[in-house]
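*Asks:* Please find the sequence and the predicted model below.
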Amino acid sequence: MPDYKKLYFSLAAKVADIIELLIKAQQECEEIYIGEPAGPGETK
């Protein structure tokens with residue numbers, strides 16, 4: 001019989017890693033967006 005507790009915790013850890021990766025990617029994109037000057041006719 002599979003060890004469901006082990007499977008669950010393994011999956012939960014991977015999901016947490018992916019969420020952390022997505023948050024970092026979003027923050028990096030926000031920093032790039034904030035750091036770029038607005039083009040003609042654009043406002044921030």
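*Replies:* Arrived safely. Numbering: from 1, shown residues only.
*Asks:* sec struct for Ser10, please.
*Replies:* State at Ser10, reduced to three classes by DSSP: H, G, I helix; E, B strand; the rest coil: helix.
*Asks:* Can you report how many residues neighbour it?
*Replies:* By the criterion of other CB atoms under 10 Å, Ser10 has 11 neighbours. Where you see a C-beta, it was placed from the backbone N, CA and C, and this is true even at glycine.
*Asks:* got it, and Glu20?
*Replies:* Other residues near Glu20 number 10, with proximity taken as other CB under 10 Å.
*Asks:* same thing with Leu22?
*Replies:* 10.
*Asks:* where does it land in three-state SS?
*Replies:* helix.
*Asks:* pLDDT below threshold where in this protein?
*Replies:* Residues of the chain meeting the criterion pLDDT under 70: 41-44.
*Asks:* Centroid-nearest residue for it?
*Replies:* By CA atoms, centre = their mean, the chain has its centre lying nearest to Leu22, at 1.2 Å.
*Asks:* and that one, how far is that from Val15?
*Replies:* From Leu22 over to Val15 the distance is 11 Å, taken as CB to CB, to the nearest Å.
*Asks:* How about Ala38?
*Replies:* From Ala38 over to Val15 the distance is 37 Å, taken as CB to CB.
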